[in-house]
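Novice: need coordinates for the following:
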Amino acid sequence: MTFDRRIFNFAAGPATLPEEVLKQAADEMLNWRGLGTSVMEISHRSKEFMAVYEEVLQDLRTLMNIPDTYEILLLQGGGIGQNAAIPMNLMPLGKNGPKADFIVTGVWSEKSFKEAQKYGTANLVASSAAEKFNTIPPRSSWQLSDDAAYVHYCANETIGGVEFPDVPNVGNTPLVADISSNILSKQMDVTQCGVWFGGAQKNIGPSGVTIVIVRKDLLGQAMAITPTIWDWSVQANTQSMINTPPTFSIYMAGLGFKWLLKQGGVRAMEKRNQAKAELLYNCIDQSSLYENRVAKEYRSRMNVTFFLRDENLNAEFLAQSNAAGLAALRGHKAAGGMRASIYNAMPLEGVQALVEFMRDFERRA
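Specialist: Residues are numbered from 1 along each chain as shown. Prediction:
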């Protein structure tokens, strides 16, 4: 199937990018800034690329209001890589040996929990597995340790469509937040966590670069077994360049940051994202064919999951939606059903088109 226009891409990641950003990258591909070459072909240590790198960091600081007490690292390996790097860098801070607490609310926080078990004691503070990851355990039920190095949670579970409405309060223990799928989608007080991390491939740019925002006092405690490339202190001291960084992904992230600033920053994007999510959830809630199974107070604004009550219609729904230019609505294999990822770059018109299609499909079903 081919199209002569841009489709509305609801993929969970790599995800849709702003058309304006793609056009600028295309225009600059062969002759970037009059150098007669692309940004991918110049040295990562050249003054031209270092200027891009510094601007990327400054724009991210502006967008998230990141204070100077935090280091920004631009790394590789994705969130999966950080599932190993985080315990290796932070677990030694445990009061009685390497230990960390985990709040498990979906597939991604569960992966983080399991990976950390290789490096020390991973304490399961709370889990919603028994509820099929359709909710977040009440704060009163959490069994927090008094000697953990940190508490880990996933702010938005991409697969199940569950999102923490606020940053949880865990006392004085440093909090680590996986924000891979909701970074820059709403305002976040950076000082509420010791570490924030996430890939760029959902709300920022293409895959390839992973952002780690770490409070400086947490650096320098890595385990002796930590590979040099995962040692945050080493990366901080070398501007994330102990090896060749993902230069094109960093450049594209920079274009994404410029686009976000032009839209009015995170405050403006939060309002836009809320409007998109409400439109889609209202369609689902008013339907007799579709249903969302996540507790309403924990519904994700980024990844809207839904099921057809008659699952015999799934294949036809996907075929027709794809033909209509509404792509990648199949849910993750671990969850089934459907999923519409409506990140920053998804325009309101895309959600409106999806809602119109869903209502029309229901009338014809």
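Novice: for stretch 290-297, buried residues please.
Specialist: 290, 292, 293, 294 (16 or more other Cβ atoms under 10 Å). Yep, even glycine has a C-beta here, placed from its N, CA and C like the rest.
Novice: identify the residues contacting the third one.
Specialist: Residues near residue 293 by Cβ atoms under 8 Å, 6 or more residues apart in numbering: 132, 134, 305, 307.
Novice: now it: how far from residue 241?
Specialist: 45 Å (Cβ to Cβ, to the nearest Å).
Novice: from the contacts of residue 293, which single one is nearest residue 32?
Specialist: residue 305 (39.8 Å; Cβ to Cβ).
Novice: helix or strand for the closest one, which one?
Specialist: strand 303-308 (DSSP states H and E).
Novice: that strand pairs with which strands?
Specialist: Using DSSP bridges, the strands paired with strand 303-308 are strand 290-291 (antiparallel), strand 338-341 (antiparallel).
Novice: could you redo these as TSV and give each row mean pLDDT?
Specialist: Converted to TSV, the strands paired with strand 303-308 look like this (pLDDT from 0 to 100):
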stretch	mean pLDDT
strand 290-291	98
strand 338-341	98
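Novice: closest one to residue 180 among those strands?
Specialist: strand 338-341 (11.9 Å).
Novice: and the next element down the chain from that closest one?
Specialist: helix 348-364.
Novice: got the contact list for residue 80?
Specialist: 111, 115.
Novice: same thing but at 6 Å, please
Specialist: Residues near residue 80 by Cβ atoms under 6 Å, 6 or more residues apart in numbering: none.
Novice: ditto for residue 216
Specialist: 69, 71.
Novice: one more: residue 228?
Specialist: Residue 228 neighbours (Cβ under 6 Å, 6+ apart): residue 234.
Novice: surely residue 153 touches residue 105?
Specialist: No: taking contacts as Cβ atoms under 6 Å, residue 153 lies outside contact range of residue 105: 7.2 Å.
Novice: of these two, which one has the most company?
Specialist: residue 105 (28 against 24; other Cβ atoms under 10 Å).
Novice: tell me how far the more buried one lies from residue 358.
Specialist: Taking Cβ to Cβ, one finds residue 105 at 27 Å from residue 358.
Novice: returning to that earlier point: can you tell me which of the strands paired with strand 303-308 is nearest to residue 53?
Specialist: Nearest of the strands paired with strand 303-308 (Cβ to Cβ): strand 338-341, 28.5 Å.
Novice: show me the contact partners of the closest one.
Specialist: 10, 12, 15, 303, 304, 305, 306, 329, 331.
Novice: nearest to residue 255, of the residues you listed?
Specialist: For those, the nearest to residue 255 is residue 15 (15.0 Å; Cβ to Cβ).
Novice: show me where this protein has its strands.
Specialist: Along the chain, counting by DSSP state E, strands occupy 8-9, 70-75, 99-104, 121-127, 151-154, 156-157, 162-163, 175-178, 195-199, 210-215, 290-291, 303-308, 326-327, 338-341.
Novice: can I get the last one in CSV, CA atoms only?
Specialist: Think strand 338-341. Extracted C-alpha coordinates of strand 338-341, given in CSV (Å, rounded to 0.1, in the frame of the first residue of the first chain):
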residue,chain,number,x,y,z
MET,A,338,-5.3,-1.5,20.0
ARG,A,339,-3.0,1.4,20.9
ALA,A,340,-2.8,4.9,19.7
SER,A,341,0.4,6.7,20.6
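Novice: one step back: any chance of the strands of the chain in CSV, with distance to residue 225 too?
Specialist: Below are the strands of the chain laid out as CSV (distance: least, Cβ to Cβ, whole Å):
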stretch, distance to residue 225
strand 8-9, 41
strand 70-75, 18
strand 99-104, 16
strand 121-127, 16
strand 151-154, 20
strand 156-157, 30
strand 162-163, 33
strand 175-178, 20
strand 195-199, 20
strand 210-215, 19
strand 290-291, 47
strand 303-308, 35
strand 326-327, 43
strand 338-341, 36
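Novice: point out the most buried one among those.
Specialist: strand 156-157 (a mean of 30; mean count of other Cβ atoms under 10 Å).
Novice: tell me which strands that strand pairs with, and in which orientation.
Specialist: Here, using DSSP bridges, strand 156-157 pairs with strand 162-163 (antiparallel).
Novice: pLDDT (mean, whole number) over the partner strand?
Specialist: Here strand 162-163 scores 98 as its mean pLDDT.
Novice: wait, which of the contacts of strand 338-341 is closest to residue 251?
Specialist: Looking across these and measuring by Cβ to Cβ, the closest to residue 251 is residue 15, at 17.9 Å.
Novice: which stretch among the strands paired with strand 303-308 comes nearest residue 167?
Specialist: strand 338-341 (22.1 Å).
Novice: sorry, back to before: could I get the strands paired with strand 303-308 as a markdown table with distance to residue 282?
Specialist: Formatted as a markdown table, these follow (distance: least, Cβ to Cβ, whole Å):
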| stretch | distance to residue 282 |
| --- | --- |
| strand 290-291 | 11 |
| strand 338-341 | 13 |
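Novice: for residue 201, find the nearest of those strands.
Specialist: Using Cβ to Cβ, the strands paired with strand 303-308 put strand 338-341 closest to residue 201, at 11.0 Å.
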